[in-house]
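Asker: could you look at this predicted model? Sequence included:
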Amino acid sequence: MTLRLFAHPLSSYCWKVLIPLYEAATPFTFEMIQFGAEDGPVVEFMQRWPIGKMPLLRDEARNETVVESSIIIEYLDRHYPGAGLIPADPDAALTARFLDRFFDNYVMTPQGRLVFEVIRPEGARDPFGVAEARALLDKAYSWLEATLSDGRTWAAGEAWSLADVSASPSLFYAQRCHPWGDRPALQAYYDRLETRPSFQRVIAEAQPFMHMFPGGPDY
Ligand SMILES: N[C@@H](CCC(=O)N[C@@H](CS)C(=O)NCC(=O)O)C(=O)O
């Protein structure tokens, strides 16, 4: 198989790449990463990307290794099109890319901070950092509520885009760690995201691993 995705079914950043692959029905091989294993795909993964953050896309046909979820999405859009995630209009593309950064930096990152607090050793807990992460999530939710209240269907407007791919795992996990409460426009937007078969598929594929999510399946 030309494309090999080094990933794990629970990983939010891996969902960002799985969703476009499913949307475009692009064939690929799933190389399951198990950190700490002495053999298997993780060995090649760490050789190719010593930073050790998944996902990693290996394109054997083009002899390319691509990392960083947003860059992989752009790469797929260019070389294996079909998901239609980057708007053709340059200004619309900029908006979609901005929202991708928004979800990664202001939802996914503080959400990850809350998760890693759960797995920190007792003496290394950081309540100040946790409070900061929760405050950032509240600001992000409020900004999203105001932004989505203008009646748009998807994050960047009427077309489903890169922005919605990033929003899907961010909001899926963030609502478990720090619920957004009474924010009807955000809730309605999230409900629309969950109607997407590609998103439903990654959620379903993660279920057998959900017990590994720090804090448990319901957080
Ligand atoms: N900026 C990276 C973030 C990737 C990332 O943080 N991946 C997590 C999984 S969701 C990971 O590999 N964590 C392993 C670790 O930190 O050891 C991207 O967009 O791909």
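Answerer: Great, that's in hand. Residues are numbered from 1 along each chain as shown.

Asker: what's the next secondary structure element after the least confident helix or strand in the chain by mean pLDDT?
Answerer: Within the chain, confidence by mean pLDDT, DSSP states H and E is lowest for helix 109-119 among all helices and strands, at a mean of 93. Counting by DSSP states H and E, the next helix or strand C-terminal to helix 109-119 is helix 127-148.

Asker: which SSE is immediately downstream of that next one?
Answerer: In the C-terminal direction from helix 127-148 (assignment by DSSP H and E), the next one is helix 162-177.

Asker: which helices and strands does that following helix pack with?
Answerer: helix 12-23, helix 69-79, helix 90-103, helix 109-119, helix 184-193, helix 197-206 (3 or more CB pairs under 8 Å, 6 or more residues apart in numbering; DSSP states H and E). To be clear about C-beta, it is placed using only N, CA and C from the backbone, and glycine gets the same treatment.

Asker: ok, the residue in the chain sticking out farthest from the centre to the ligand distance?
Answerer: Most distant residue from the mean C-alpha position of the chain: residue 123, 30.0 Å away (CA atoms, centre = their mean). For residue 123, the distance to the ligand under the criterion CB to the nearest ligand atom, to the nearest Å works out to 21 Å.

Asker: which pLDDT value belongs to that residue?
Answerer: At residue 123, the predicted lDDT confidence score is 89.

Asker: begin at 30 from now on, thanks
Answerer: Let's use 30 as the start, then, which means that last one is residue 152.

Asker: which stretch in the helices and strands packed on helix 191-206 is the model least sure about?
Answerer: Lowest mean pLDDT within the helices and strands packed on helix 191-206: helix 138-148, a mean of 93.

Asker: gap between the two ends of stretch 64-72?
Answerer: Between the opening and closing residues of stretch 64-72 there is a gap of 9 Å (CA to CA, to the nearest Å).

Asker: report the buried residues of it.
Answerer: Of the residues in stretch 64-72, those scored as buried under the neighbour-count criterion (16 or more other CB atoms under 10 Å) are 70, 71.

Asker: how far off centre is stretch 121-134?
Answerer: 13 Å (CA atoms, centre = their mean, to the nearest Å).

Asker: contacts for it, please.
Answerer: For stretch 121-134, contacts defined as CB atoms under 8 Å, 6 or more residues apart in numbering pick out 98-99, 102, 114-116, 169, 172, 184-186, 188, 190-192, 194-196, 199-200.

Asker: out of the helices and strands packed on helix 191-206, which is the most enclosed?
Answerer: Across these, the average number of neighbours (mean count of other CB atoms under 10 Å) peaks for helix 41-52, which reaches a mean of 24.

Asker: what helices and strands are in contact with that helix?
Answerer: On the basis of 3+ CB pairs under 8 Å, 6+ apart, helix 41-52 makes packing contacts with strand 32-36, helix 98-108, helix 191-206, helix 226-235.

Asker: out of those, nearest to the ligand?
Answerer: When the helices and strands packed on helix 41-52 are compared by CB to the nearest ligand atom, helix 98-108 sits nearest the ligand, at 3.5 Å.

Asker: show me how this structure divides into domains.
Answerer: Structural domains annotated on the chain: 32-108, 119-225, as defined by automatic domain parsing.

Asker: how close does the nearest residue to residue 203 once chain neighbours are set aside get to residue 220?
Answerer: With CB to CB, 6 or more residues apart in numbering as the measure, residue 140 is the residue that lies nearest to residue 203, at 4.3 Å, once sequence neighbours are left out. Relative to residue 220, residue 140 is positioned 19 Å away (CB to CB, to the nearest Å).
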